[in-house]
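Trainee: Mind folding the following:
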Amino acid sequence: MSDEITHNLDDPQNNSATSESESQSNLNPQSETDTNPVLPPTGTPLVMVETAFLASTASLIWVINYYLPLGPVLRILFPVPIALVYLRWGKRAAWMSALVSGLLLSVLMGPTRSILFVIPFGLLGVLLGWLWRRGADWNTSIILGTLIASFGVFFRIWLMSILLGEDLWVYVTTQITQIAEWIFEKLGLLEQPSLIIIQIIGLILVLISNAVYLFTVHLAACLLLERIGNPIPAPPMWVQVLIDEE
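Mentor: This next block holds a predicted model:
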């Protein structure tokens, strides 16, 4: 004990260094515990920016197609930006993108056209993104997308009938009746098609047209999203052969 006390008295530099380190630790008590501070997630601003950008892109495509209709070219791309948001950032960002697109179109074009975009194309974008991210095959995503798109057609007819005060389904039924009578005449059938047959034919035509539309959406997304690093599930073999030949 006496030797240790003598050693400390003989080494004043050691004592000063020890006291200095103790004073620094007292002044900075969190220096040992805060070696790994918690930082805010760096991806959050990027998610917000991309969500807003792709939502505005979807809205802009809708506006351009409304005022400068270019046929089915732009219509194919309606659900793709929202589906891309789902592929990159998940469910919450995709729903926010669909909501922001609807709000933006409501300001630019009114609530009616905004609703007609959200239903079905906003819902369709979220559905396709959900299916593509989970690796669903084309048959599954086309069938489910066809159901959503067909629901959108009947929703549009219902909404426009309310706004115009006329039943537009009667007009659609009249057009289908003329087509059905022409088909019956070519087949040599003398009887007139019943109302049930006409409505079934109308439903089948809506389903077929939307199935073709969903196929073209998948084809466009396959060619486009693969180039930007977010590919969708691989197409069927016969589609892949056609793509490779091109």
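
Trainee: Just give me the longest helix of the protein.
Mentor: helix 195-225 (DSSP state H).

Trainee: State the mean pLDDT of that one.
Mentor: Averaged across helix 195-225, the pLDDT comes to 91.

Trainee: For the chain, which residues score under the pLDDT cut-off?
Mentor: Along the chain, segments meeting pLDDT under 70 span 1-43, 71, 245-246.

Trainee: picking that back up, what lies in contact with the very next helix or strand once past the longest helix of the chain?
Mentor: Where DSSP states H and E defines the elements, the next helix or strand beyond helix 195-225 is helix 237-245. The contact list for helix 237-245 (CB atoms under 8 Å, 6 or more residues apart in numbering) reads 138, 219, 222-223, 234-235. C-beta coordinates here come from the backbone N, C-alpha and C atoms, glycine included.

Trainee: Buried subset of the residues you listed, written for ChimeraX?
Mentor: Selecting only the buried entries of the contacts of helix 237-245 in ChimeraX, with 16 or more other CB atoms under 10 Å as the criterion:
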select :138,219,222,235
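
Trainee: out of the contacts of helix 237-245, who's nearest residue 147?
Mentor: Of all those, residue 147 sits closest to residue 138, with 15.0 Å by CB to CB.

Trainee: neighbours around the closest residue to residue 234 other than its chain neighbours, how many?
Mentor: Excluding its sequence neighbours, the residue lying closest to residue 234 (CB to CB, 6 or more residues apart in numbering) is residue 240, at 6.8 Å. Neighbour count of residue 240, defined by other CB atoms under 10 Å: 12.

Trainee: And the longest helix of the chain, how far out from the chain middle?
Mentor: 19 Å (CA atoms, centre = their mean, to the nearest Å).

Trainee: buried ones in that helix?
Mentor: 198, 201-202, 206-207, 210-211, 213-215, 217-219, 221-222, 224-225.

Trainee: Please apply the same query to stretch 95-105.
Mentor: 95-98, 100-102, 104-105.

Trainee: And for that stretch, what's in contact with it?
Mentor: With CB under 8 Å, 6+ apart, stretch 95-105 has contacts from 51-52, 54-56, 58-59, 62-63, 81-82, 85, 113-115, 117-118, 122-123, 125-126.

Trainee: Please convert the buried members of these into PyMOL selection syntax.
Mentor: The buried subset of those, as determined by 16+ other CB under 10 Å, is captured in PyMOL by this line:
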select buried, resi 51+52+54+55+58+59+62+63+81+82+85+113+114+115+117+118+122+123+125+126
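
Trainee: export stretch 171-180 as CSV, just CAs?
Mentor: Extracted in CSV, the C-alpha atoms of stretch 171-180 (Å, rounded to 0.1, in the frame of the first residue of the first chain):
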residue,chain,number,x,y,z
TYR,A,171,-79.0,2.5,-75.1
VAL,A,172,-76.3,-0.2,-74.7
THR,A,173,-79.0,-2.9,-74.8
THR,A,174,-80.4,-1.4,-78.0
GLN,A,175,-77.0,-1.5,-79.7
ILE,A,176,-76.4,-5.1,-78.5
THR,A,177,-79.8,-6.1,-79.8
GLN,A,178,-78.9,-4.9,-83.3
ILE,A,179,-75.7,-6.9,-83.2
ALA,A,180,-77.6,-10.0,-81.9
